[in-house]
Structure formats: structure tokens, C-alpha cells
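> Below are the sequence and a predicted model for it; my questions follow.
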Amino acid sequence: MKKLILVVSPPACGKTFISKKLAENLKHVVYLDKDTLVPLSNVVFDCANQERNRSSEFFEKYIRNVEYDVTMDFALEALKYEDCVLINAPFTREIRDNVFMKDLRNRLKEQNCGLYVVWVETKLEICRQRMISRNSPRDTWKLEHWDEYIATRDFNVPRNLYEDGVVDKLLIFHNSSQEEYEASMKEVIEELEK
């Protein structure tokens, strides 16, 4: 059976590093990163004479959902040619939406594909330190308005994913220390290779 793997979490939990390491260790995998679309989205900001602010109303209205739709379209297309596709993207809203998840699962069933969700769980203060360390313009507003930002994000494992039949597999990747990372990497790879 083919596999679509979603590596998800709020920003700065370690998704990109973990996604790349998982992809390096899996066989016959297509790696997709939603952030690859950021340069294209920046052109949209520029053409509309809007500030490049990924927390803005403009981004929410005109860009955010399109980035997710295009990434998922790429994934579903790739699954026609390869056994495993791994997407690195937050999916913070979608992963908690039962309608979205059930629709995705039905679309995957048409391609004889199972859905695996890898939720990256990291302590909040470690996420903040990672944002500071990576020194990315996309984190400027978040760091300057930290309390406001974290009030809009849920760092807890989505409870709806525990419901029977919503996803084929939910794997928790603990990533608050090197020891947690190493143990989780081993466990998740073993599960994905079954």
C-alpha cells in the first residue's frame, strides 16, 4: 500500500529537520516542503503592494490555503508514480478539521494509499529558542508578539486524530531533547517501514 506522510506541528518544533531525516531514511520517497512555495507567495505580496507578512489578513485571504492546496495536489500527483510521499508543512488548521481529514482519507483511498500523520511535539520554550536561533524574517512578528502569537496556536496533539477511522496512523515524534529525538526517529522509521 502507498503512503502519504504528513509531518505536522506549529512552527519551530523541528518539522523540517525531522522531515528531511525521515526522507533520507525511507525508501522510494518523494519529499515535498510547503515552504518551497514561499518565493512564489512573496511575488503575490509584491504584485499586490502588500507587506510580506505571513500573519496578515491578506495572507490568510489570498495565499495560505492556496499553498496547502498546491502542495497536496503535488503530493497526490506524485503518488501516481511513487510509493511514498512525505509532506513537511504545519497543517495546523487542517489537521484539526475532521471534514478535511475525512475528505483527504477518501481521496487517498482512491489511490490505495494510507495516511500517516507524524505530529512533532516540542516544548514551547524550545520552539521560541529555535525561532531566535534560525533568525528568519518570517518569525520577526511572532517573536515580537510572542504571547499574542502562542495564544493563536495549539501545541497539543490534535485530539480528533485519536478518533477511530480518522487517520490510519498517528505517530508522535517527541523532539524536546537529543535523547527524545533519537528514540522517536528510530520508532517512527520502524513504523513507517512496516
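Everything's here; your move.
> the strands in the protein, which residues?
Taking DSSP state E as the criterion, the chain contains strands spanning 2-8, 29-33, 84-88, 113-121, 169-174.
> what is the mean pLDDT for the first one?
Throughout strand 2-8, pLDDT has a mean value of 96.
> rewinding a little: a markdown table for the strands of the chain, including distance to residue 47 and mean neighbour count?
(Glycine included, C-beta is placed from N, CA and C.) Output for those, formatted as a markdown table (distance: least, C-beta to C-beta, whole Å; neighbours: other C-beta atoms under 10 Å):
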| stretch | distance to residue 47 | mean neighbour count |
| --- | --- | --- |
| strand 2-8 | 30 | 24 |
| strand 29-33 | 23 | 19 |
| strand 84-88 | 27 | 24 |
| strand 113-121 | 33 | 21 |
| strand 169-174 | 38 | 18 |
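> Please identify which of these is closest to residue 57.
Closest to residue 57 of the strands of the chain, according to C-beta to C-beta: strand 2-8, at 23.8 Å.
> Can you tell me the strand partners of the closest one and which way each runs?
With DSSP bridges as the criterion, the sheet partners recorded for strand 2-8 are strand 84-88 (parallel), strand 113-121 (parallel).
> which stretch among those comes nearest residue 13?
Counting by C-beta to C-beta, and looking across all of the strands paired with strand 2-8, nearest comes strand 113-121 at 4.4 Å.
> Look up how far residue 182 lies from the most centrally placed residue in the chain.
Nearest to the mean C-alpha position of the chain, counting by C-alpha atoms, centre = their mean, stands residue 89 at 2.5 Å. In this structure, residue 89 and residue 182 are separated by 24 Å, where distance is defined by C-beta to C-beta, to the nearest Å.
> what sits up against stretch 16-28?
By C-beta atoms under 8 Å, 6 or more residues apart in numbering, the surrounding residues in contact with stretch 16-28 are 5, 7, 29, 31, 33, 35, 82-84, 86, 88, 118, 120, 173, 175, 181, 185, 188-189, 192-193.
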